[in-house]
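A.B. asks: attaching a predicted model along with its sequence, questions to come.
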Amino acid sequence: MKVTLEQIDELRNRVNVSYEEAKRTLEKNDGDLIKSIIELEKKKGRKNEKHHGSFTVAVNKVLALRMSIKNKDGNTVLNMPVVVILAAFLMAFWVVIFGLVLAILTSCKINIYKDKGINVNNIKKNMQETVDKIKDKSEEIFKDDEEESTDPQDESENEIIIE
């Protein structure tokens, strides 16, 4: 079946693909616009999943790096994510340098390691749970406040009469 320019334009407008890809997909589906849209959306969905997955993996790797500083006795003086230390380094260069020199001069052991327990998905889940708890508590507070404001005795208590 011959594919028209109008069909290609319509497919490009709906799915945001190149002319070549739109033409190839329409020819493959015998000019059926709906089948072509579905196929291209599935293909784009897979591409987005790959990019999203690689981003999450990269963030997990960065967040898993931690730096610990232990004194001579083996007590932990500092245990922080490397990302936080780098951010502090950018904001307060001399403070971080001074701290590292001080740790070296006092014979502290500096260790950079990978923490297996850190995961972006866990952080997202914990944040969502916290947001849900805050929503529930705020709804309870507003509900209690509404119940108190409908009490007729409250109105007389809140009145100020000047004679």
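C.D. replies: Right, received. Where do you want to start?
A.B. asks: most centrally placed residue in the protein?
C.D. replies: K124 (6.5 Å; C-alpha atoms, centre = their mean).
A.B. asks: against A92, how distant is that residue?
C.D. replies: Look at K124 and A92: by C-beta to C-beta, to the nearest Å, they are 29 Å apart. For glycine as for every other residue, the C-beta is placed from the backbone atoms N, C-alpha and C.
A.B. asks: with A22 instead?
C.D. replies: 53 Å.
A.B. asks: so the two - more neighbours on which side?
C.D. replies: A22 (23 against 12; other C-beta atoms under 10 Å).
A.B. asks: so that one lies in a strand, does it not?
C.D. replies: No: using DSSP: H, G, I helix; E, B strand; the rest coil, the assignment for A22 is helix, not a strand.
A.B. asks: could you check the pLDDT of it?
C.D. replies: Looking at A22, its pLDDT reads 88.
A.B. asks: could I get the contacting residues of it?
C.D. replies: I8, L11, R12, V15, S36, L40 (C-beta atoms under 8 Å, 6 or more residues apart in numbering).
A.B. asks: any idea how far K28 is from it?
C.D. replies: From A22 to K28 the distance is 11 Å (C-beta to C-beta).
A.B. asks: go on, V77?
C.D. replies: 64 Å.
A.B. asks: then V59?
C.D. replies: Distance from V59 to K28, by C-beta to C-beta: 37 Å.
A.B. asks: between these two, point out the one with more neighbours.
C.D. replies: Each of V59 and K28 has its neighbours counted (other C-beta under 10 Å); V59 has more, 15 against 12.
A.B. asks: which secondary structure element is home to the more buried one?
C.D. replies: V59 is located in helix 33-64, with elements delineated by DSSP states H and E.
A.B. asks: brilliant, that's me finished.
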